[in-house]
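J.: predicted structure and sequence below. I'll ask about it afterward.
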Amino acid sequence: EDLELTGHEHYMRKEMLEQPDSAEAVIRGRLDERFGTARLDGLNLAPRELRGFRRVKILGCGSAYYVGQLGAQLLEELARVPADAEAASEFRYRNPVIEPDTLYVVVSQSGETADTAFAVQEVKRKGGQVVALVNVVGSTIAREVDGGIYLHAGPEIAVASTKALTNMAMAFAMLALLIGRVHDLSVADGKRIIDGLKAIPAQIREILGQEGEIAELAREIAGSQSAFYIGRVRGFPVAREGAQKLKEVSYIHAEAYQTSELKHAPLALIDESMPTVAIIPDDDLTDRNVAAAEQVLARKGPLVAITHPGVDLSHLGIRSIVVPRSEPELDPILLTIPTQLIAYHAALALGHDIDKPRNLAKSVTVE
Ligand code: AGP
């Protein structure tokens, strides 16, 4: 049944719409409300081992790498452990230093991406400890690592990943919770994140309910040659993934920038023909994000904001996609959902083969 289109025109749309259920599946039985932590037995890491890691290095390719950037932010924010993400496809070529007190986390939907599997081997060859966030049970990467978290997103057929990416982000939040709680994250903060995670499936459903309006905006973007996606800090991985998804299925050139970098060059490209999708959450940087949006509009650049209730953009005279607020650390998970719908509906308007974009494969099993 899962493998059938069940009345949907495309797997990508079916898989986007499955997200409330698949996001529910990844947290099922894994949230420990009493102690404000996560139960991730598959990691095979005792609290003392978890506590011993002084750093986390995340490795993945493509969109999995971008979710890894979000994962690194979650780990730093919730666990206060230094963390960063790197493209697995580059990792082994720079003869990386593998540290015994670093936890290596690879992330892959298919579990078959060759570049990511080679990164696992590089870590293991040098005696490092590596765990994986993987969707496909029993896949090559799942078999090669010391432990992991299965994503339980169900089969993903469309080349453009959606529900698996959402579950990767949810899994990173749980990993950050677990590592946070063996460090200094309080029970109260742990519970706050748990409540946030539990609310996400219904909040995704709410965003998917705005598909009609988002499709309209997407059709406008579909008329362009090129687009910018901009966001800051937590919003930047959202912008990167948004640009990636648009390129992948609509073939429209899209670039992601930190909003703060606009003035350092890309602003030169803004005119009537260059739409910008701006990620403007309700956070400490809202005013700065709004100021950047004003700069785009002053140069006649069409602008779409993905924002939160309570962010007043009325003076800009633009159309916005308003997503529900989560806990601030989890906001990027919800802010990403409209970018999937934008990419899908732009591709649909252009008549592309959405589930099998040209030149791309679902899992890249060659180098
Ligand atoms: C995502 O939409 C892309 N198809 C692609 O970037 C993908 O995320 C990447 O190839 C990694 O795949 P994996 O998660 O199966 O390892």
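T.: Received the coordinates, thanks.

J.: tell me the contacts of the residue of the chain found nearest the ligand?
T.: Of all residues in the chain, G62 sits closest to the ligand, at 2.0 Å by Cβ to the nearest ligand atom. Every C-beta, even on glycine, is put in place using the N, C-alpha and C of the backbone. Going by Cβ atoms under 8 Å, 6 or more residues apart in numbering, G62 touches Q244.

J.: do D271 as well
T.: Listed by Cβ under 8 Å, 6+ apart, the contact partners of D271 are R299, K300, G301.

J.: which of those residues come close to the ligand?
T.: For the ligand, no contacts are drawn from the contacts of D271 by Cβ under 6 Å from any ligand atom.

J.: what is the nearest of the residues you listed to L31?
T.: Proximity of those to L31 (Cβ to Cβ) peaks at G301, which lies at 42.3 Å.

J.: burial of the nearest residue to the closest one once chain neighbours are set aside, as a residue count?
T.: In space, and not counting its chain neighbours, G301 is closest to I270: 4.0 Å by Cβ to Cβ, 6 or more residues apart in numbering. By other Cβ atoms under 10 Å, the residues close to I270 number 21.

J.: and E206, by the same measure?
T.: Counted with other Cβ under 10 Å, E206 comes out at 14.

J.: excluding chain neighbours, what is closest to the spatially most central residue of the chain?
T.: For the chain, V67 is the residue whose C-alpha lies nearest the centre (Cα atoms, centre = their mean; 3.7 Å). Nearest residue to V67, sequence neighbours excluded (Cβ to Cβ, 6+ apart): M168, at 4.3 Å.

J.: wait, that neighbour sits on A85?
T.: No. With contact defined as Cβ atoms under 8 Å, M168 does not count as touching A85 (11.3 Å).

J.: which residues do these two both contact?
T.: By Cβ under 8 Å, 6+ apart, M168 and A85 have these common neighbours: G68, G71.

J.: go ahead and name everything in contact with stretch 344-360.
T.: Residues from elsewhere that reach stretch 344-360 (Cβ under 8 Å, 6+ apart): 10-13, 16, 157-160, 211, 214-215, 218-219, 221-222, 246, 248-252.

J.: quick one, what contacts V182?
T.: Contacts of V182 by Cβ under 8 Å, 6+ apart are P47, L50, R51.

J.: next helix or strand past the helix or strand harbouring D115?
T.: Using DSSP states H and E, D115 sits in helix 114-125. Counting by DSSP H and E, the next helix or strand C-terminal to helix 114-125 is strand 129-134.

J.: how about the next helix or strand after that next one and the ligand, any contact?
T.: The helix or strand immediately downstream of strand 129-134 is helix 140-144, counting by DSSP H and E. No. Helix 140-144 is not in contact with the ligand by Cβ under 6 Å from any ligand atom; minimum separation 7.9 Å.

J.: make residue 1 into 37 and carry on from there
T.: All set: I'll call the first residue 37, so the last point we hit is now helix 176-180.

J.: in whatever helix or strand comes next after helix 176-180, what's buried?
T.: Later in the chain than helix 176-180, the nearest helix or strand by DSSP H and E is strand 183-186. Buried residues in strand 183-186, counting neighbours by 16 or more other Cβ atoms under 10 Å, are found at G184, I185, Y186.

J.: by contact count, what packs against the helix or strand that strand 183-186 is followed by?
T.: Reading on from strand 183-186 to the C-terminus, the next helix or strand found by DSSP H and E is helix 199-217. With contacts defined as 3 or more Cβ pairs under 8 Å, 6 or more residues apart in numbering; DSSP states H and E, helix 199-217 has these neighbours: helix 55-63, strand 73-74, helix 99-110, strand 138-144, strand 165-170, strand 183-186, helix 223-244, helix 367-386.

J.: let me have these in CSV, extended by mean pLDDT.
T.: Shown next, in CSV, are the helices and strands packed on helix 199-217 (pLDDT from 0 to 100):
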stretch, mean pLDDT
helix 55-63, 98
strand 73-74, 98
helix 99-110, 98
strand 138-144, 98
strand 165-170, 98
strand 183-186, 98
helix 223-244, 98
helix 367-386, 98
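
J.: how about TSV for the ones you listed, with distance to E40 added?
T.: Formatted as TSV, the helices and strands packed on helix 199-217 follow (distance: least, Cβ to Cβ, whole Å):
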stretch	distance to E40
helix 55-63	15
strand 73-74	33
helix 99-110	25
strand 138-144	25
strand 165-170	24
strand 183-186	23
helix 223-244	20
helix 367-386	19
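
J.: quick one, which of the ones you listed is nearest to A263?
T.: helix 367-386 (8.9 Å).

J.: what's the angle from the closest one to helix 223-244?
T.: Put simply, helix 367-386 runs at 20 degrees to helix 223-244, going by axes from the mean of the first three to the mean of the last three Cα atoms, to 10 degrees.

J.: in helix 367-386, what's buried?
T.: By neighbour count with 16+ other Cβ under 10 Å, helix 367-386 contains the buried residues 367-385.

J.: can you give me the neighbour number for G65?
T.: Applying other Cβ under 10 Å, we find 7 residues neighbouring G65.
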